[in-house]
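A.B. asks: Need a 3D model of the following:
(2 chains)
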2 protein chains.
Amino acid sequence: MQTYSTMRTAYEARMAAHADRQGPFAGGCAWVRGQYVPAEEAQVPLFDLGFLRSDLTYDVPAVWDGRFFRLEDHLDRLERSMAKLRLAPPVDRDTLRAILIEAVRKTGLRDAYVDIIVTRGRFRPGVRDPRNTETALYAFVIPYVWVMPLAQQPVGGSAVVTRDVRRIPTGAVDPTVKNLQWGDFTRGIFEALDRGANWPFLPDGNGNLTEGIGYNIVMVKDRTVMTPGRGVLEGVTRKTVMEIATAQGLGVHLGDVPVGGLYDADEIFMCTTAGGIMPITTLDGEPVGGGQVGPVTSAIWDRYWALHADPVLTLAVNYD
Amino acid sequence: MQTYSTMRTAYEARMAAHADRQGPFAGGCAWVRGQYVPAEEAQVPLFDLGFLRSDLTYDVPAVWDGRFFRLEDHLDRLERSMAKLRLAPPVDRDTLRAILIEAVRKTGLRDAYVDIIVTRGRFRPGVRDPRNTETALYAFVIPYVWVMPLAQQPVGGSAVVTRDVRRIPTGAVDPTVKNLQWGDFTRGIFEALDRGANWPFLPDGNGNLTEGIGYNIVMVKDRTVMTPGRGVLEGVTRKTVMEIATAQGLGVHLGDVPVGGLYDADEIFMCTTAGGIMPITTLDGEPVGGGQVGPVTSAIWDRYWALHADPVLTLAVNYD
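C.D. replies: Here you go, the predicted structure:
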């Protein structure tokens, strides 16, 4: 994490500059039923099946230093998720992209968490048929979210493998469709907190690791990065990590990761768009490897943030 | 179903009388953030974790012919669900009961579906900690909902055992906590529709039956009613069915129900507050038993609706 201080200083300067911004959208902007509204005022109809059945999918691209990172990857995945759920896209891709860019522009946020939610919409009156609804789009832009606070990242966080809860299996709810049915995750976060940690790692019930509350999990052993190949979200950050690892000459294992292997890992980190590369240095109360952020994690961290200026992977927002 | 015509005629007369009712609440009444609003106008804040994480529980008592049926059983279960999720009750039980009664009174509905939803509420600013939120109550009263149309009940419906989806296991999300994480159910309804049926029965992945989209499943074999004892909601209608069966001298089996046994059943029915006792006469395209509503189902149906006038099990609404 050689670039940590530079990156953090620049980020905090941008946040400080934004703090002076006035106007209804400075705190966040949402797109609800065809209109931009201040995020705080955004509402969802009670009868939307996104609320009454959690019948929805979502995706979360981020904006960093004024640029969307891998936006097209997120939109690709959103389209795959909608297809799997048989949700007709409420708007076409170009329209969606334009809505997101405009929402970011309205906030003026240089660093933003961008959430796109597509729901089944409402049943037509008197008919409980999910095939005939009009799907609904909700989106919102708020200040960048850190699943692990940036200030904590050089030290790393504390995780547990959950004992009381397993991940929902693919045969029940497909985790490659990004969803908000977080019952298992919510149980996991309570268990982690009860056990003095902050981040739960959920097993699959068959001895293998899955994922945590919105993040993929990566372990490093003998200079190979290992992450579960199924039963998890196909993360865009995970994809970036595997590309970086390959470019850095590391081994990459995308497949089953036995839970027991975690306790013998050299390094562990979590990865997600909302927080990036997040080192875990304590697992079940014991140090991971040497108990400090390891060299592989550090190098991936540096490269991950450097890529946020890469013109191929990013899309600059015009704030004028 | 000897009482079917009488019951249906009376119900339709009440509905017809209600159709003339005017006023903002005639179509339904919701309770949202401390206020009664017309159901159609009810909204949920976008940032409520009930929407953003499906972090909620709910319950559905019904009003039939002006009387709540087993309201206290529903409130008992709601309280157990909240406790299991560590959701602090947003209001006390007497207050909740009074809100529901008043909402029904405002609608004037003699036959109503009453939905109570308790969510985690919102994270406090800057803190993603589910322990420190203020839980939120949403409730709504709308005309009685039929998971199987009343007109279809004497004929019975068509179900399938799902092949493409299993029920979420208890180790991931506890189904005794009534929840709206319907990803598996939604897959199930699409599969049922694709296969020319209307109601999915989900297996548990280990050869046993669980439940369907908001209903318990009961099979009858040799004058014993059999219904899954775990991995399912502990339904209030299911409880009523077991009480009726016992009183009628039937055997009751609450335990594992192998999926294979369904194909050898004498009778099958579904049961839920929103629809009552709903016969299934076709399973996977083949007739169940003789392909008609059987005598055990019919007798339970009659008694179930008769109990809706029982002063011990009901609470009359004062509409004045």
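
A.B. asks: Please list the residues of the stretch 1-150 of chain A that sit near chain B.
C.D. replies: A:30, A:32, A:39-40, A:42-47, A:50-55, A:85-86, A:120, A:128-131, A:138, A:140, A:147 (Cβ under 8 Å from any Cβ of the partner chain). For every residue, glycine as well, the C-beta is placed using N, CA and C.

A.B. asks: what about burial for these, which qualify?
C.D. replies: Buried members of the residues of the stretch 1-150 of chain A next to chain B, counted by 16 or more other Cβ atoms under 10 Å in any protein chain shown: A:30, A:32, A:39, A:42-47, A:50-55, A:85, A:120, A:130, A:138, A:140, A:147.

A.B. asks: In helices only, show me the residues of the stretch 1-150 of chain A next to chain B.
C.D. replies: Counting by DSSP state H, the part of these found in helices is A:50-52, A:85.

A.B. asks: Tell me the one of these nearest chain B?
C.D. replies: Distance to chain B across these (Cβ to the nearest Cβ) is lowest for A:F51, with 5.1 Å.

A.B. asks: Wait, the closest one touches B:R53, no?
C.D. replies: No. Look at A:F51 against B:R53 with Cβ atoms under 8 Å: they stay out of range, at 11.4 Å.

A.B. asks: for the residue of the stretch 201-320 of chain A found nearest chain B, helix, strand, or coil?
C.D. replies: As assessed by Cβ to the nearest Cβ, chain B sits closest to A:G205 within the stretch 201-320 of chain A, at 6.1 Å. Under DSSP: H, G, I helix; E, B strand; the rest coil, A:G205 falls in the coil class.

A.B. asks: next one: phi and psi at it?
C.D. replies: Torsion angles at A:G205 (phi, psi; degrees, to the nearest 10) stand at phi 90, psi -10.

A.B. asks: out of everything not next to it in sequence, what's closest to it?
C.D. replies: Sequence neighbours aside, A:R166 is the residue nearest to A:G205 in space, at 4.0 Å (criterion: Cβ to Cβ, 6 or more residues apart in numbering or on different chains).

A.B. asks: For that neighbour, list the residues it contacts.
C.D. replies: By Cβ atoms under 8 Å, 6 or more residues apart in numbering or on different chains, the residues touching A:R166 are A:184, A:202-205, B:169, B:171-172.

A.B. asks: Now do the helices in chain A.
C.D. replies: For chain A, the helices defined by DSSP H cover A:4-19, A:49-52, A:71-85, A:93-107, A:183-194, A:236-247, A:259-262, A:295-306.

A.B. asks: if you compare these, which one is most tucked away?
C.D. replies: Mean neighbour count (mean count of other Cβ atoms under 10 Å in any protein chain shown) peaks for helix A:49-52 among the helices of chain A, with a mean of 25.

A.B. asks: pLDDT of that helix, averaged?
C.D. replies: Across helix A:49-52, the average pLDDT comes to 98.

A.B. asks: What of stretch A:7-19?
C.D. replies: For stretch A:7-19, mean pLDDT is 98.

A.B. asks: What is the neighbour count of the closest residue to A:R187 other than its chain neighbours?
C.D. replies: Spatial nearest neighbour of A:R187, excluding adjacent residues (Cβ to Cβ, 6+ apart): A:V165 at 4.1 Å. Using other Cβ atoms under 10 Å in any protein chain shown, A:V165 has 23 neighbouring residues.

A.B. asks: Then the one 4 residues further on?
C.D. replies: A:P169 has 22 neighbouring residues, counting by other Cβ under 10 Å.

A.B. asks: wait, doesn't it sit right on B:D184?
C.D. replies: No. In this structure, A:P169 is not within contact of B:D184 by Cβ under 8 Å, at 9.6 Å.

A.B. asks: Now do the shared contacts for these two.
C.D. replies: In contact with both A:P169 and B:D184: B:166, B:168, using Cβ under 8 Å, 6+ apart.

A.B. asks: Residue numbers of the stretch 151-300 of chain A in contact with chain B?
C.D. replies: Residues of the stretch 151-300 of chain A found near chain B (Cβ under 8 Å from any Cβ) are A:165-169, A:171-174, A:179-187, A:189-190, A:193, A:205.

A.B. asks: re earlier: restricted to strands, list the buried ones among the residues of the stretch 1-150 of chain A next to chain B.
C.D. replies: Counting by DSSP state E, the part of these found in strands is A:30, A:32, A:43-45, A:138, A:140.

A.B. asks: Would you check which pair of these lies furthest apart?
C.D. replies: Largest separation among these by Cβ to Cβ: A:P45 and A:F140, giving 15.9 Å.

A.B. asks: Show the average pLDDT along stretch A:239-254.
C.D. replies: Stretch A:239-254 comes out with an average pLDDT of 98.

A.B. asks: Check stretch A:26-40 too.
C.D. replies: What stretch A:26-40 shows for mean pLDDT is 96.

A.B. asks: Please put the alpha-carbon coordinates of that stretch into CSV.
C.D. replies: Extracted in CSV, the C-alpha atoms of stretch A:26-40 (Å, rounded to 0.1, in the frame of the first residue of the first chain):
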residue,chain,number,x,y,z
ALA,A,26,-25.4,17.9,-2.8
GLY,A,27,-26.1,15.1,-0.3
GLY,A,28,-27.3,12.7,-3.0
CYS,A,29,-29.6,12.3,-6.0
ALA,A,30,-32.1,9.6,-6.7
TRP,A,31,-34.0,8.7,-9.9
VAL,A,32,-37.5,7.6,-9.0
ARG,A,33,-40.4,7.2,-11.4
GLY,A,34,-38.8,9.3,-14.1
GLN,A,35,-37.7,12.2,-11.9
TYR,A,36,-34.5,13.3,-10.2
VAL,A,37,-35.2,13.9,-6.5
PRO,A,38,-32.9,14.6,-3.5
ALA,A,39,-31.8,11.2,-2.3
GLU,A,40,-33.3,11.8,1.2
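
A.B. asks: how about low-confidence regions in the stretch 51-200 of chain A?
C.D. replies: Within the stretch 51-200 of chain A, no range satisfies pLDDT under 70.

A.B. asks: Find the nearest non-adjacent residue to A:T314, please.
C.D. replies: A:R67 is the one closest to A:T314 (Cβ to Cβ, 6+ apart), at 3.9 Å.

A.B. asks: Contacts only, for that neighbour.
C.D. replies: Counting by Cβ under 8 Å, 6+ apart, A:R67 touches A:308-309, A:314-317.

A.B. asks: cutoff 7 Å now
C.D. replies: A:R67 makes contact with A:308, A:314-317, according to Cβ atoms under 7 Å, 6 or more residues apart in numbering or on different chains.

A.B. asks: A:A103 now?
C.D. replies: Neighbours of A:A103 in contact, by Cβ under 7 Å, 6+ apart: A:29, A:31, A:36, A:139, A:141.

A.B. asks: Of the residues you listed, just say which sits nearest to A:Y113.
C.D. replies: For the contacts of A:A103, the nearest to A:Y113 is A:V141 (7.3 Å; Cβ to Cβ).
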